[in-house]
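Peer 1: Kindly generate the corresponding structure for this input.
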Amino acid sequence: MKKAVTIKSIAEQLNLSRNTVAKALNGQYVPDSTRELVLKKAQEMNYKSLNAGRIEVGSRRYRILMVAGKPLININYFIPLIKSVENFCYDRNYELFQYTYTINRTPFASFAQYVKELNVDGIVAIECFDKEFVAKMINMGKPVCFNDFTASNIKLNKNYDIISADDERSVYNIVKYLGSKYNIRHFTFVGDRTHCSSFYERYIGMIRGASLGIGLHSDSHDILCKDESFDYGNPDAIKTEILKLKYKPQCFVCCNDFVARNVCDALKSLKLRVPQDVMVVGFDNVPESTAVRPEITSFSIDKDFLGRETLRTLIDRIEHPDTPTRTITVGTTMLLRESTNKIFR
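Peer 2: Below you'll find the model as predicted:
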């Protein structure tokens, strides 16, 4: 009598663990190359439970909607994040749909109808910061995982979670470090702190760190113009705001690397050297931070992990809808570069 083919026998043939083979056969996550290897060997060995196994265990085909609250301009930041989301869904045979919701252009009713027609199981929300849109989306009743969140005060303890970088602690640490190493006391934040939760947390991190050396901090130290009325991509506009400051900054803490790069250009036009005359700190570690000299001190977050963690959290929310709302922070890596190094010439 011919011996039955088992997961154990397939694992022995491939020199893999039984657990890895079981995951591959049951639609759970393993690398694509491993999955293909296992499935090919299972077919060769005429594994009788191949089709059943792939259907019965861990293989529900979730329908996921990835919605962006506006066209994603900062491509260098979002490409690895979105690719991670796509790969996560592809590896698990989930259906992934994408939708861009433009405030003041897209009626919410149209978006709600789209969600209803697709009958999605959950939503990944990227760059969704408008308070009204966020509240309406949460109230639709679908599980949602936000990558970053609105800075507005929303009191909804419902079916959603938030994934973000450890923004406040990261900026607090760099401000504390620069204050200790170089006796920097006058820090200036550049960016719209109300744009999103991450920008606000970075602002608060700077205030907390700065208070260690200079006491109370006033908005007159900062450039906090609203995004709708100010072009942070224009170094001349930033230069004008720098000239209005009542205090001479020793370090500009910027909401992200894009703004930091333009601050450096504005300072150059003012004949101020970075870092000898004034330092600059960015965030996100996108290519703009190292495109030209001086290279910008920044914070790196594993965007591939961020995307996967967003999906894992969403799936857990789908399967356990009564779980209390969570905010999950992902650690960053401080990257000290020329823009905060006094030795740089």
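Peer 1: Next, the contact list for the closest residue to residue 332 other than its chain neighbours, please.
Peer 2: Spatial nearest neighbour of residue 332, excluding adjacent residues (Cβ to Cβ, 6 or more residues apart in numbering): residue 299 at 4.2 Å. Yep, even glycine has a C-beta here, placed from its N, CA and C like the rest. Shown in contact with residue 299 (Cβ atoms under 8 Å, 6 or more residues apart in numbering): 165, 170, 171, 174, 282, 283, 284, 285, 332, 333, 334, 335.
Peer 1: same thing with residue 87?
Peer 2: residue 307 are the contacts of residue 87 under Cβ under 8 Å, 6+ apart.
Peer 1: Also residue 136?
Peer 2: 108, 112.
Peer 1: Does it lie in a helix or a strand, and which?
Peer 2: helix 131-138 (DSSP states H and E).
Peer 1: Next, the angle from the strand or helix carrying residue 111 to helix 131-138.
Peer 2: Using DSSP H and E, residue 111 falls within helix 108-118. Counting by axes from the mean of the first three to the mean of the last three Cα atoms, to 10 degrees, helix 108-118 lies at 20 degrees to helix 131-138.
Peer 1: Can you find the helix or strand of this structure with the lowest average pLDDT?
Peer 2: The helix or strand of the chain with the poorest confidence is helix 50-56; it has a mean of 43 (mean pLDDT, DSSP states H and E).
Peer 1: returning to that earlier point: for the residue nearest to residue 332, which residues make a bridge with it?
Peer 2: residue 334 (DSSP bridges).
Peer 1: so where's the chain shaky on pLDDT?
Peer 2: 1-2, 27-29, 48-59, 73-74, 157, 213-219, 343-345 (pLDDT under 70).
Peer 1: Can you show me the helices along it?
Peer 2: Assigned by DSSP state H, the chain shows helices spanning 7-14, 18-25, 32-44, 50-56, 75-91, 108-118, 131-138, 167-182, 197-214, 235-244, 257-269, 303-319.
Peer 1: other SSEs contacting the longest one?
Peer 2: Read that as helix 197-214. In terms of contacts (3 or more Cβ pairs under 8 Å, 6 or more residues apart in numbering; DSSP states H and E), helix 197-214 is packed against strand 160-165, helix 167-182, strand 187-190.
Peer 1: Kindly calculate the angle that it makes with helix 167-182.
Peer 2: Going by the same axes, to 10 degrees, helix 197-214 makes 30 degrees with helix 167-182.
Peer 1: Name the residues that touch stretch 306-318?
Peer 2: 62, 64, 80-85, 87-89, 121-124, 143-145, 147, 159-161, 163, 165, 323, 326, 328, 330.
Peer 1: buried ones in it?
Peer 2: 306, 307, 308, 309, 310, 311, 312, 313, 314, 315, 317, 318 (16 or more other Cβ atoms under 10 Å).
Peer 1: Same check on stretch 81-101?
Peer 2: Those would be 81-82, 84-86, 88-89, 91-92, 94, 96, 99-101, for stretch 81-101 by 16+ other Cβ under 10 Å.
Peer 1: Equivalent analysis for stretch 107-116, please.
Peer 2: Buried residues in stretch 107-116 (16+ other Cβ under 10 Å): 111, 114, 115.
Peer 1: So which residues make contact with it?
Peer 2: Residues contacting stretch 107-116 (Cβ under 8 Å, 6+ apart): 65, 67, 99, 101, 123, 133, 136, 137, 140, 142.
Peer 1: how about 10 Å then?
Peer 2: The contact list for stretch 107-116, computed with Cβ atoms under 10 Å, 6 or more residues apart in numbering, reads 65, 67, 97, 99-101, 106, 120, 123, 132-133, 136-137, 139-142.
Peer 1: From those residues, list the buried ones, please.
Peer 2: Of the contacts of stretch 107-116, these count as buried by 16+ other Cβ under 10 Å: 65, 67, 99, 100, 101, 120, 123, 133, 137, 142.
Peer 1: The nearest residue to the last one once chain neighbours are set aside pairs with what?
Peer 2: Spelled out, that is residue 142. In this structure, residue 142 finds its nearest non-sequential neighbour in residue 123, 5.4 Å apart by Cβ to Cβ, 6+ apart. Counting by DSSP bridges, residue 123 forms beta bridges with residue 65, residue 144.
Peer 1: Of the buried residues of stretch 81-101, which pair is most distant in space?
Peer 2: 91 and 101 (26.7 Å; Cβ to Cβ).
Peer 1: what's around residue 60, how many residues?
Peer 2: 14 (other Cβ atoms under 10 Å).
Peer 1: if I pick it, what's in contact with it?
Peer 2: 27, 92, 93, 94, 121, 315, 318, 319.
Peer 1: can you check residue 36 too?
Peer 2: Per Cβ under 10 Å, 6+ apart, neighbours of residue 36: 24, 30.
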